[in-house]
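Visitor: only the shape, not the letters, is given here:
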């Protein structure tokens with residue numbers, strides 16, 4: 001089979017037309033690197049290899065684009081690549097290459113994320129949830145959180161000053177704040193300890 005036409009398309013692609021009338025798309029940079037040109041003779045096996053290599057080439061480029069715009073876990077990068085339409089093989093291989101280059105590192109990402117969340121007064125339980133939603137496995141999330149000293153009562157006090165201080169004008173208000181802090185994942189005893197400073201008579205429930 002001969003390549004009868006190479007036509008530039010949008011999204012950095014080239015449309016390759018064969019003498020059989022069949023067409024397929026390849027990454028334009030890949031075409032340039034491999035010196036793919038018109039009148040080149042190709043076998044079916046060579047075409048299959050080109051498609052796989054081009055897909056991987058594009059997955060690498062897209063991975064770099066994603067990483068430039070923010071931290072990603074391995075799982076997070078794979079999800080983005082799959083959503084973008086890349087094959088399973090290209091997704092796995094491109095992610096592995098990013099890990100090999102040190103551009104994706106779950107441990108380092110987990111440490112940065114843990115520090116950011118704890119500094120924002122996010123409870124440990126909620127922090128683990130947020131980290132797993134970003135593709136960090138639970139063990140790595142807990143390991144990263146263990147690397148930082150964190151006083152949950154200090155977090156609760158900071159949240160009260162920032163968000164709830166003016167919302168505790170009555171015992172009912174204090175109970176609502178108590179429930180809100182529980183929903184944020186803080187421990188019952190830690191919340192009770194802090195809120196006792198605002199209300200000595202309130203009866204708390206662990207429900």
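Guide: Nice, thanks for sending it over. As the structure is a computational prediction, the values presented were derived from the model and not from experiment.

Visitor: residues of stretch 58-76 that come out buried?
Guide: Burial within stretch 58-76, assessed by neighbour count using 16 or more other Cβ atoms under 10 Å, is assigned to 58-60, 62-63, 66, 71-76. Using the backbone N, CA and C atoms, a C-beta is placed for each residue, glycine as well.

Visitor: need these in CSV (columns: secondary structure, pLDDT and distance to residue 31).
Guide: What follows is these, written out as CSV (DSSP: H, G, I helix; E, B strand; the rest coil; pLDDT from 0 to 100; distance: Cβ to Cβ, whole Å):
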residue, secondary structure, pLDDT, distance to residue 31
58, helix, 92, 12
59, helix, 95, 16
60, helix, 94, 15
62, helix, 94, 17
63, helix, 96, 20
66, helix, 96, 23
71, coil, 91, 32
72, coil, 94, 28
73, coil, 96, 32
74, helix, 96, 29
75, helix, 95, 32
76, helix, 95, 30
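
Visitor: which one of those is nearest residue 84?
Guide: Closest approach between these and residue 84, by Cβ to Cβ: residue 62, at 6.0 Å.

Visitor: residue 37 belongs to a strand?
Guide: No. Per DSSP: H, G, I helix; E, B strand; the rest coil, residue 37 lies outside any strand segment and is coil.

Visitor: which residues does it contact?
Guide: Applying Cβ atoms under 8 Å, 6 or more residues apart in numbering to residue 37 gives the contacts 3, 6.

Visitor: I'd like to know how far it sits from residue 186.
Guide: According to Cβ to Cβ, to the nearest Å, residue 37 stands 65 Å off from residue 186.

Visitor: ok, residue 15 next?
Guide: In this structure, residue 15 and residue 186 are 57 Å apart, going by Cβ to Cβ.

Visitor: show me which of those two is the more surrounded one.
Guide: A side-by-side neighbour count of residue 15 and residue 186, using other Cβ atoms under 10 Å, places residue 186 first with 24 against 13.

Visitor: state the number of residues packed around the closest residue to that one other than its chain neighbours.
Guide: Computed as Cβ to Cβ, 6 or more residues apart in numbering, the closest residue to residue 186 that is not its neighbour in sequence is residue 123, at 4.7 Å. Close neighbours of residue 123, defined as other Cβ under 10 Å, add up to 24.

Visitor: residue 123 against residue 158, yeah?
Guide: No. Using Cβ atoms under 8 Å, residue 123 is not in contact with residue 158; the gap is 11.8 Å.

Visitor: quickly list the domain ranges of the protein.
Guide: 3-100, 106-146, 152-195 (automatic domain parsing).

Visitor: what bits of the protein have low per-residue confidence?
Guide: By pLDDT under 70, the weakly predicted segments of the chain are 198-207.

Visitor: can you tell me the centre-most residue of it?
Guide: The centroid of the chain falls nearest to residue 76 when counting by Cα atoms, centre = their mean (3.7 Å).
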